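Undergrad: Build the 3D model from these lines:
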Amino acid sequence: MKIALGLPFLECPPNPAFLSGGAIGSLGRAAEDAGFAAVYLTEHPAPSQRWRVAGGHDALDPFVGLSFVAAATSRLRLLTYLVVLPYRNPFLLAKSVASLDVLSGGRVELGLGAGYQKGEFHALGVDFEERNRLFDEALEVLPLAWSGEPVEYQGLHFAARDTACHPRPAQHPHPPLWLGGNSKLTRRRVVEHRTGWMPMPNSAATAATLRSPVLETMDQLADMLTDCKEYADGVGLPGPTEIMYVLPGMAAGAGAGTFAPQLELARQARDLGVTWLAVGGHATSLDDMLRLTDRFQSAVIAPLASD
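TA: Predicted structure coming up:
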């Protein structure tokens with residue numbers, strides 16, 4: 001089972017302790033040394049102040065942040081969790097992804113979501129009601145752009161005519177794609193596009209805000225996996241072979257025994273067929289985050305590896 005570590009950008013404003021290339025590089029090296037398979041960043045390019053003060057968070061641009069991780073490491077995978085696909089023209093996204101993949105030696109894992117914040121859509125000039133059409137359109141365009149061949153495509157708001165994108169990604173035909181979300185539509189897309197799936201823990205209290213079905217228990221996850229498999233069988237396609245589930249976050253100052261619930265959840269998820277886990281870190285200083293990473297290795301990563 002592989003585990004991805006979320007870099008500690010879950011505050012408003014971001015903690016200055018982590019706002020340097022040196023700090024990001026140190027966190028990446030520590031994650032690699034501890035046996036994490038990847039680190040990840042999310043994106044919120046233009047969040048509303050109301051969302052920020054109500055429990056939201058700021059974020060680095062994921063491709064810029066992950067490039068610093070790439071420069072400081074050699075094996076660690078570079079995960080976006082998540083890029084909001086409708087925010088970006090698919091050719092611009094294809095260029096960012098291919099650039100990072102080439103320069104990192106083929107280490108990108110591209111997590112994608114449809115987005116849920118109307119205010120952010122408005123700030124970026126993207127029609128919130130078009131987000132699913134834009135999402136599906138981009139899923140078609142990205143592999144075409146990464147092929148290196150000239151592309152002809154009439155999009156909702158763009159027209160590609162004899163458009164060729166180079167360099168191609170280092171990974172062929174392209175980096176692994178992951179689709180995030182709990183809806184039936186997301187699960188259908190995962191099957192039809194043969195991507196990884198990121199089901200997201202989501203409480204009843206946050207379901208309306210996140211515009212995503214509730215996912216609070218392993219039984220609910222099992223039901224979603226069953227639905228996904230039944231749909232795949234019905235259309236004659238394989239179900240998702242890569243599934244990533246989010247563990248509760250790590251807190252600074254926690255001892256090794258504090259991670260027993262995460263270890264138990266990890267084992268339950270693995271029994272359901274989950275292949276990746278994601279866990280975020282919450283720390284006030286670089287040293288605290290480095291110690292937290294080391295404790296998590298002893299308490300969760302090592303036991304899972306020895307099972």
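
Undergrad: Please count neighbours and contacts with C-alpha atoms only from this point.
TA: Fine.

Undergrad: tell me the mean pLDDT over stretch 288-306?
TA: Mean pLDDT, computed over stretch 288-306, is 94.

Undergrad: Also stretch 194-210?
TA: What stretch 194-210 shows for mean pLDDT is 89.

Undergrad: what kind of secondary structure is Cys12 in?
TA: The three-state label given to Cys12 by DSSP: H, G, I helix; E, B strand; the rest coil is coil.

Undergrad: Can you tell me the closest non-neighbouring residue to it?
TA: Distances taken as C-alpha to C-alpha, 6 or more residues apart in numbering place His57 nearest to Cys12, at 5.2 Å, with adjacent residues excluded.

Undergrad: Let me know how buried the one you found is, in neighbour terms.
TA: For His57, the tally of surrounding residues (other C-alpha atoms under 10 Å) stands at 18.

Undergrad: and the helix of greatest length in the chain, which residues are buried?
TA: Secondary structure assigned by DSSP state H gives helix 218-235 as the longest helix of the chain. Judged by neighbour count using 16 or more other C-alpha atoms under 10 Å, the buried positions of helix 218-235 are 221, 224-225, 228-229, 231-232.

Undergrad: so the residue minimising distance to the centre of the chain is in which element?
TA: Geometric centre of the chain, nearest residue: Tyr81, 1.9 Å, by C-alpha atoms, centre = their mean. For Tyr81, the element it lies in under DSSP states H and E is strand 77-84.

Undergrad: Just checking: what are the partner strands of that strand?
TA: Applying DSSP bridges, strand 77-84 is found paired with strand 38-41 (parallel), strand 108-113 (parallel).

Undergrad: what's that strand in contact with?
TA: Here strand 77-84 makes contact (C-alpha atoms under 8 Å, 6 or more residues apart in numbering) with 4, 37-43, 62, 66, 69-70, 107-115, 180.

Undergrad: mind checking pLDDT for Ser48?
TA: Confidence score, pLDDT, at Ser48: 95.

Undergrad: Name all residues that make contact with it.
TA: 119-120.

Undergrad: Quick check: phi and psi at it.
TA: Backbone torsions for Ser48, taken as degrees, to the nearest 10, come to phi -80, psi 150.

Undergrad: And Leu263, how far from Gly125?
TA: Leu263 sits 43 Å away from Gly125, going by C-alpha to C-alpha, to the nearest Å.

Undergrad: Who has more neighbours out of those two?
TA: Between Leu263 and Gly125, counted using other C-alpha under 10 Å, Leu263 has the larger neighbour count: 19 against 10.

Undergrad: Could you dump the strands paired with strand 77-84 into JSON lines with distance to Pro176, mean neighbour count and mean pLDDT added?
TA: Output for the strands paired with strand 77-84, formatted as JSON lines (distance: least, C-alpha to C-alpha, whole Å; neighbours: other C-alpha atoms under 10 Å; pLDDT from 0 to 100):
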{"stretch": "strand 38-41", "distance to Pro176": "13", "mean neighbour count": "26", "mean pLDDT": "98"}
{"stretch": "strand 108-113", "distance to Pro176": "5", "mean neighbour count": "23", "mean pLDDT": "98"}
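
Undergrad: Relative to Ser20, which of the ones you listed is closest?
TA: Between Ser20 and the strands paired with strand 77-84, the shortest gap by C-alpha to C-alpha is with strand 38-41, which sits at 14.8 Å.

Undergrad: Would you mind writing the CA trace of the closest one as PDB?
TA: This file holds the C-alpha atoms of strand 38-41, laid out as PDB (Å, rounded to 0.1, in the frame of the first residue of the first chain):
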ATOM      1  CA  ALA A  38       4.300  10.800  -2.900                       C
ATOM      2  CA  VAL A  39       3.600  14.200  -1.600                       C
ATOM      3  CA  TYR A  40       0.700  16.300  -2.600                       C
ATOM      4  CA  LEU A  41      -0.600  19.800  -2.900                       C
END
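
Undergrad: which residues make contact with it from outside it?
TA: 3-7, 28, 31-32, 59-60, 62, 65-66, 76-82.

Undergrad: got JSON lines for the strands paired with strand 77-84, with distance to Ser306 too?
TA: As requested, these are exported to JSON lines (distance: least, C-alpha to C-alpha, whole Å):
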{"stretch": "strand 38-41", "distance to Ser306": "20"}
{"stretch": "strand 108-113", "distance to Ser306": "26"}
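
Undergrad: now for the ones you listed, which one comes closest to Asp288?
TA: Asp288 lies closest to strand 38-41 among the strands paired with strand 77-84, at 17.1 Å (C-alpha to C-alpha).

Undergrad: Check which element follows that closest one along the chain.
TA: Next helix or strand after strand 38-41 toward the C-terminus (DSSP H and E): helix 49-53.

Undergrad: mind listing the strands for the stretch 51-200 of the chain?
TA: Listed in chain order, the strands of the stretch 51-200 of the chain (DSSP state E, counting those that start in this stretch) span 77-84, 108-113, 151-154, 159-163, 177-180, 196-198.
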